[in-house]
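Participant: quick one, structure for this:
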Amino acid sequence: MRHALPKRFTWSIERSCSPIRRFLHGLSFLFAMWLGVCVTPVHAQAPQSAPNGIESELLEMRNENGLIREQLRKMEEQQRTLLQALDELRRRIDPQPSPIADQPSPSPAPAKSDPEPPATGPAVSPAPAQPDPNQGKDPAAFPYDEGIVLVKTRDDARFPILLRLWDVTQLRYTNTLLGNSDYTDHLGALRPVIRRNDFSLNRNLLQFVGYIFDKRLQFNLIGWASNSSAAFVEGGYVSWKFNKAITIYAGYWGSPGTRSLTGTFPYFVQLDRSMADQFFRPGFTQGSWIDGEVWNGLHYEFFVGNGLNTLTVPTTKIDSHLVYSGSFWWEPLGVYGTAGRARGMYDDYDNRKKPVIRVGASYTKSRENRFSNVGQDNPENTGLYNSDGVNTFATGAFAPGVTVNDATYRMLAIDGGVKWRGLALNAQYFSRWLNRFTADGPLPLTSTFDHGFEMELSKFIVPKKWELYGRTSFIFGQFDNSYEYAPGVKWYVVPNHRVWLVAEGLRIVKAPVSSVITPYNSGFTGWAPMLQWMFNF
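Facilitator: The predicted structure follows:
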């Protein structure tokens, strides 16, 4: 008795023209031949005793039928195992669903008393879904992509949408009790020094970023919060990206007057901006700007806005003068920081095997009014200060009883850096001019000039884990000089560059600037130990 394989099974194999499938065809044919040979002895081995009447014939037929049923059951088990093995091979060759897997196996004649055993061999399961490169990442499968992916449509959607959540949380302990409680300005007036000993949620920035309707139409919605200043500010921007070289923006942003305002925050070596940077830099305001990469690592950003510091200033108090600021930087040997949001990172977290460098320059000009420059009760603004720590627009800043109402601010900054094998050296030089004063009384001068620099040297002693650094900054001012220095240690808690703990022993001499989100308070001299936990995603 011969038993042929199902026609659908034979047709499924014969329709393939690949060498592997022809091999499988031949294998199935040989298996069918083998089954036929195996069945023949069943007949030969059946009892062949001479007939002894009707009872002996019935007994002989019953025995023979039992052997045939058992052989058929074993054949069915072997056929099912082969079908499963062939289907598994076919799925590896061709990810499309196989008709073999979809075809129900024929049921054998059930044995009288033996239940059908479960199939042996590999289980048959549908082919896994293959990722489509033309579709966007599924947020459920890829919940993190430079932020937590909240919404992402298919790339071919009629209205493409991407929504990510970013966060920067800065928890800090600041102690300035080891310093003076008052100081004397350049006119001999005695002024108080604010001292601190507190824990603070220094910054908490929540950002919703992405695109909508068109991938070129991008947005960034920001919520700034700081319990250091007890303030919350809403900001953000919308933009249109033409190409790699040109993107235009409108909204709230920082005037790109120093390196720390060109996309480096919060990836500093130390806890925050240096004293020199805080003294010289412009601030944040509403405006419009353009940026891009024009050639071989050459980046630029040009900004026009309302003023140096206007985040919490009502528009009725903002004058009609605008701030103009621009910056360019060149990274000829590759991206200076870590790709993505940390592109301007100061540390050599990536432990570069070949050196990378950065050189840049920034310039800012603004006609400032005292009412436009008083908004310091927010997470980022800083006012204009003279080098002796007195606010430029405060009464008595230049002459007793005289108040400056308007002044022109100009500032030039030049920066550079190099990284190699966990070592990083970064520096920046600042020059600032104030002139064209308008005051309610006579002034003893017509302009001021202040200049200074910052420098940070850092080295990973354990790659991507432990880093030691030292930093300093100087201000050489019209009325007084100031400086700072600090050793520090940095611990990257998780195996990426987004979470770290930093401790620093900071020594400050004659701070020329006050800012509630930094340890600097006008006139302070002394030690200021600090500890900070930085968490961002």
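
Participant: count the neighbours of A407 for me.
Facilitator: When neighbours are defined as other C-beta atoms under 10 Å, A407 has 23 of them. C-beta here means a position set from N, CA and C on the backbone, and glycine is covered the same way.

Participant: what are the bridge partners for it, then?
Facilitator: A407 forms beta bridges with E368, as assigned by DSSP bridges.

Participant: repeat for the one 4 residues further on
Facilitator: The bridge-partner assignment for M411, based on DSSP bridges, gives T364, R432.

Participant: can you pull the contacts of it?
Facilitator: For M411, the contact set (C-beta atoms under 8 Å, 6 or more residues apart in numbering) comprises G257, F280, R281, P282, S362, Y363, T364, K365, F430, S431, R432, W433.

Participant: my read is that S362 contacts G257, right?
Facilitator: Yes - with contact defined as C-beta atoms under 8 Å, S362 counts as touching G257 (5.1 Å).

Participant: show me how the protein divides into domains.
Facilitator: 7-102, 211-515 (automatic domain parsing).

Participant: any idea which of those scores lowest on pLDDT?
Facilitator: Taking the average pLDDT of each of the domains of the chain, the minimum falls on domain 7-102, with a mean of 58.

Participant: could you list the buried residues of stretch 468-476?
Facilitator: Y469, R471, T472, S473, F474, I475, F476 (16 or more other C-beta atoms under 10 Å).

Participant: the first one - nearest residue in space that isn't next to it in sequence?
Facilitator: It stands for Y469. Spatial nearest neighbour of Y469, excluding adjacent residues (C-beta to C-beta, 6 or more residues apart in numbering): S458 at 3.7 Å.

Participant: helix/strand/coil for K74?
Facilitator: helix (DSSP: H, G, I helix; E, B strand; the rest coil).

Participant: burial measure for it, as a count.
Facilitator: K74: 12 neighbours (other C-beta under 10 Å).

Participant: and for G179?
Facilitator: Neighbours around G179, by other C-beta under 10 Å: 22.

Participant: so it touches V193, yeah?
Facilitator: Yes - using C-beta under 8 Å, G179 is in contact with V193, at 7.0 Å.

Participant: for G422, which non-adjacent residue is closest in space?
Facilitator: F460 (3.7 Å).

Participant: so which helix or strand takes in the one you found?
Facilitator: strand 447-462 (DSSP states H and E).

Participant: if we take the contacts of M411, which one ends up nearest to D291?
Facilitator: S362 (12.7 Å; C-beta to C-beta).

Participant: and that closest one, how close does it get to D277?
Facilitator: S362 sits at a distance of 11 Å from D277 (criterion: C-beta to C-beta, to the nearest Å).

Participant: pull up the overlap in contacts between the two.
Facilitator: By C-beta under 8 Å, 6+ apart, the residues touching both S362 and D277 are T258.

Participant: re the thing from before, show me what the strand holding F460 is packed against.
Facilitator: Applying 3 or more C-beta pairs under 8 Å, 6 or more residues apart in numbering; DSSP states H and E, one finds that strand 447-462 contacts helix 275-280, strand 423-439, strand 466-476.

Participant: among the ones you listed, which is the most enclosed?
Facilitator: helix 275-280 (a mean of 28; mean count of other C-beta atoms under 10 Å).

Participant: ok, V323 touching G307?
Facilitator: Yes - V323 lies in contact with G307 (C-beta under 8 Å); the separation is 5.4 Å.

Participant: mutual contacts of the two, please.
Facilitator: T285, S366.

Participant: which residue ranges of the protein form helices?
Facilitator: 7-14, 19-45, 54-93, 99-102, 275-280 (DSSP state H).

Participant: make JSON lines out of the domains of the chain and add distance to R158.
Facilitator: Shown next, in JSON lines, are the domains of the chain (distance: least, C-beta to C-beta, whole Å):
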{"stretch": "domain 7-102", "distance to R158": "28"}
{"stretch": "domain 211-515", "distance to R158": "9"}
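
Participant: single out the most deeply packed of those domains.
Facilitator: It is domain 211-515: most buried of the domains of the chain by mean count of other C-beta under 10 Å, with a mean of 19.

Participant: for stretch 248-266, the distance to its chain's centre please.
Facilitator: 17 Å (C-alpha atoms, centre = their mean, to the nearest Å).

Participant: typo on my end, it should be stretch 187-207
Facilitator: 30 Å.

Participant: isn't E331 right next to P355, touching?
Facilitator: No - E331 lies out of contact with P355 (C-beta under 8 Å); the separation is 11.6 Å.

Participant: if I pick the most centrally placed residue in the chain, what's in contact with it?
Facilitator: A centroid search over the chain (C-alpha atoms, centre = their mean) returns E146, at 3.2 Å, as the residue closest to the centre. Applying C-beta under 8 Å, 6+ apart, we find E146 in contact with R164, G340, R341.

Participant: mind putting those in a markdown table, distance to P266 included?
Facilitator: Formatted as a markdown table, the contacts of E146 follow (distance: C-beta to C-beta, whole Å):
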| residue | distance to P266 |
| --- | --- |
| R164 | 17 |
| G340 | 14 |
| R341 | 10 |
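
Participant: and which of those residues is nearest to Y211?
Facilitator: Using C-beta to C-beta, R164 comes nearest to Y211 of the contacts of E146, at 10.0 Å.

Participant: count of neighbours near the closest residue to the closest one other than its chain neighbours?
Facilitator: Closest residue in space to R164, ignoring its immediate chain neighbours: G147 at 3.6 Å, by C-beta to C-beta, 6+ apart. The tally of other residues near G147 (other C-beta under 10 Å) stands at 21.

Participant: any idea how far G523 is from G147?
Facilitator: Separation of G147 from G523 (C-beta to C-beta): 41 Å.

Participant: before we move on, what about K354?
Facilitator: To G523, K354 is 46 Å away according to C-beta to C-beta.

Participant: thought F524 was touching V193, still the case?
Facilitator: Yes - counting by C-beta under 8 Å, F524 is a contact partner of V193 at 5.2 Å.

Participant: looking at those two, which is more packed in?
Facilitator: F524 (26 against 19).
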